[in-house]
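In: Mind looking at a prediction? Sequence and model below.
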Amino acid sequence: MQNAAQRLKDLAEKLFGVELPVRLRAWDGSEAGPPDAPVLIVRNRRALRRLIWKPGELGLARAWVAGDLDVEGDLYAALDRMAGLIWERDPDEDAEGSRSLVQALKDPEVRAAAKELVKLAGTPLPPAPPPEEMRRGGRLHLHTKGSDKQAISHHYDVGNDFYELVLGPSMVYSCAYWESPESGLEAAQRDKLELISRKLALKPGMRLLDVGCGWGSMAIHAAREHGVSVVGVTLSQEQAAYARKRVADEGLTDRVEIRVQDYRDVRDGPYDAISSIGMAEHVGAERYLEYASDVYALLKPGGRLLNHQIARRPQRDESAYEVDEFIDAYVFPDGELAPVGSTAGLLERAGFEVRDVEAIREHYALTLRQWVRNLEARWAEALRLVSPGRARVWRLYMAASALSFERNRIGVNQILAVRTPESGASGVPLRARTWNIVS
């Protein structure tokens, strides 16, 4: 009889119709597959049961988070090799000789192999999901104030010390703005905050609303470097407590107020400028026009919005878009991505004039790789701060996301929009941006 690794390899290749791009190591110590490839470790039969009961990405995610699956070697290389089998398969089309799951299961050999997998997996009972998985009672009432608060708490209220370890001293949890890959994360995050400040044309005496203020970095930068008064809102109690302490330590309590508040409940406009950095991904398609209209109403005529948001590639059939199962269950519950064109269109429908769109996806790949390095360099400390499953979630999420930005599967854009008054005077210079000319 074949060893476990060879049996698993044969099944995978029958199922997908292509050679397995990684090496397998099974719980019995056996190995099979390309000798020079990263090794996917199947630690126990429970990993198979997770895939049987939840085929696809969520089953793989549960096995990874629980430690039933692991990777030996270059994690980026392993993810890149497996992407074509897991994340990039088109269920309606063959790709490079591979075949869909539906097509594969029509093959008697594959059906027989699937039955063999069930026998190999052992006990038929489904394993419980890892405790790090978000629990909710369905997706019928997305993006209410209550569900948004629960989702934000799941993601952000995991310990400020852990975020310090991953993000570094800047405590900025969004794409940095790199002059070069050698710039360093802190300099790149400082440059991002300054870039946003300049796009918003911040000046002393202005009022800035920072929607989704995180740990207060944008609010502090704007108040300290540009003399503005800032209100920062977040739904995370832990973020707010941390941000308030930073504000006090900087001596800026007279200019910065941090609130635990939903942006829909802000009533003290108008503001001269609004920054929304990495927050709008949480809004959701059904609520996005409401979000755009709310921030429009909070701006004075001539006021500016800087919307910094991750985007996905458009689909031929937008109604077929589905939220990534791993991200939804373990990282950003109820988060949704939209194409940048859709986002710009909804901002315009709310009344904004879109004045500038800057795509900076390569910058996010650099940022994520640095966050992964931070986590891996202090892995033992991370395991003292959070559960092993939580640390594994973050390592996988950030590494996979870095590859997605590098391969143009997703992007990130800064949209500068103005509440242009009836006079038509936007206040934006004739040449608002200077491009570096590369010969």
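Out: The structure has been received and is ready for your questions.
In: Give me the mean pLDDT for stretch 250-268.
Out: Averaged over stretch 250-268, pLDDT sits at 97.
In: So which bits of that stretch are buried?
Out: E250, L252, R255, V256, E257, I258, Q261, D262, Y263, V266 (16 or more other Cβ atoms under 10 Å). Placement of C-beta: from N, CA and C, glycine included.
In: start to end distance for that stretch?
Out: One end of stretch 250-268 to the other measures 25 Å (Cα to Cα, to the nearest Å).
In: quick one: contacts of it?
Out: Applying Cβ atoms under 8 Å, 6 or more residues apart in numbering, the external contacts of stretch 250-268 come out as 145, 148-149, 209, 211-213, 216, 219-220, 223-224, 227-237, 240, 243-244, 247, 279, 290-291, 294-295, 298.
In: List buried members of the residues you listed by neighbour count.
Out: Buried, going by 16+ other Cβ under 10 Å: 148, 209, 211-213, 216, 219-220, 223-224, 228-236, 240, 243-244, 247, 279, 291, 294-295, 298, out of the contacts of stretch 250-268.
In: Next, the buried residues of the longest strand anywhere in the chain.
Out: Counting residues, the longest strand found in the chain (DSSP state E) is strand 299-312. For strand 299-312, burial by neighbour count (16+ other Cβ under 10 Å) applies to L299, G303, R304, L305, L306, N307, H308, Q309, I310, A311, R312.
In: what's the answer for stretch 71-80, then?
Out: V71, L75, Y76, A78, L79, D80.
In: swap in stretch 158-178?
Out: 158, 160, 162-168, 170-178.
In: So G159 sits against V386, correct?
Out: Yes - using Cβ atoms under 8 Å, G159 is in contact with V386, at 6.1 Å.
In: In space, what's closest to P204 - neighbours in sequence excluded?
Out: G227 (3.2 Å; Cβ to Cβ, 6 or more residues apart in numbering).
In: And the strands in the stretch 151-300 of the chain, which stretches?
Out: 207-211, 229-234, 256-260, 271-277, 299-312 (DSSP state E, counting those that start in this stretch).
In: just the stretch 1-150 of the chain next, same as before
Out: 23-25, 31-32, 39-42, 69-72.
In: As TSV, those with distance to R390 and mean pLDDT would be great.
Out: Below are these laid out as TSV (distance: least, Cβ to Cβ, whole Å; pLDDT from 0 to 100):
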stretch	distance to R390	mean pLDDT
strand 23-25	25	96
strand 31-32	30	96
strand 39-42	20	97
strand 69-72	16	97
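In: Distance to A320 added to the ones you listed, as TSV?
Out: Shown next, in TSV, are the strands of the stretch 1-150 of the chain (distance: least, Cβ to Cβ, whole Å):
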stretch	distance to A320
strand 23-25	32
strand 31-32	36
strand 39-42	29
strand 69-72	28
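In: The ones you listed: which one's closest to K54?
Out: strand 69-72 (13.2 Å; Cβ to Cβ).
In: strand partners of that closest one, parallel vs antiparallel please.
Out: Applying DSSP bridges, strand 69-72 is found paired with strand 39-42 (antiparallel).
In: Off-centre distance for the partner strand?
Out: 25 Å (Cα atoms, centre = their mean, to the nearest Å).
In: got it, and stretch 161-173?
Out: How far stretch 161-173 lies from its chain's middle: 16 Å, per Cα atoms, centre = their mean.
In: Mind listing residues that contact that stretch?
Out: Stretch 161-173 has contacts (Cβ under 8 Å, 6+ apart) with 156, 185-186, 189-190, 192-193, 214-218, 242, 246, 278, 370-371, 374-375, 378, 381-382, 385-386, 390, 394, 398.
In: end-to-end on it?
Out: Using Cα to Cα, one end of stretch 161-173 lies 14 Å from the other.
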